[in-house]
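Peer 1: This is a predicted model, with the sequence first.
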Amino acid sequence: MKYYAVVDTNVLISAMLKNSSIPGQVIAEALNGDIIPVLNNEIIAEYEDVLNRPKFRFDKQAVKVLLDELKRRAVYSDYGLIDDEIPDVKDVVFYAVLMEKRKEEDAYLVTGNIKHFPMRTYIVTPREMLDIIEEGR
């Protein structure tokens, strides 16, 4: 079974810091597994900006390869207005793209910062996303 998911930037950071981590496993699923990433140009720009920040010291080529692969496997979605209040303005695009995709397919938002989003069954932690995938196998 395939699962559409908007992946929050913090999951990518955690995966890059330790690819054997649970967030790393989520990204592995997005690169060659059961997760189909849901992106738009704003999300890609956010990924590029954050992953290339000097404080993380990520290899620029590794970041490029990761993002190129995510973009290659992704579906793209625009978004409209949302009714829910999102505390951090930078998180709005992730939630709005999710809600737009959910109009046509089940989709999830995978984040390490659950409290930044409304309480919904489709807003999940990396561990919960892996559990959903495992239950569907």
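Peer 2: Arrived safely.
Peer 1: dump the residue contacts of the nearest residue to residue 40 once chain neighbours are set aside.
Peer 2: Sequence neighbours aside, residue 97 is the residue nearest to residue 40 in space, at 5.4 Å (criterion: C-beta to C-beta, 6 or more residues apart in numbering). Yep, even glycine has a C-beta here, placed from its N, CA and C like the rest. Going by C-beta atoms under 8 Å, 6 or more residues apart in numbering, residue 97 touches 6, 38-40, 43, 77-79.
Peer 1: What are the boundaries of the strands in the chain?
Peer 2: 3-7, 35-39, 75-76, 107-110, 123-124 (DSSP state E).
Peer 1: Include distance to residue 85 when you put these into a markdown table, please.
Peer 2: Converted to a markdown table, these look like this (distance: least, C-beta to C-beta, whole Å):
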| stretch | distance to residue 85 |
| --- | --- |
| strand 3-7 | 18 |
| strand 35-39 | 22 |
| strand 75-76 | 26 |
| strand 107-110 | 15 |
| strand 123-124 | 14 |
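Peer 1: Kindly state which of those strands is positioned closest to residue 68.
Peer 2: Closest to residue 68 of these is strand 35-39 (C-beta to C-beta; 12.0 Å).
Peer 1: Tell me what angle that closest one forms with strand 3-7.
Peer 2: Per axes from the mean of the first three to the mean of the last three C-alpha atoms, to 10 degrees, the angle that strand 35-39 makes with strand 3-7 is 50 degrees.
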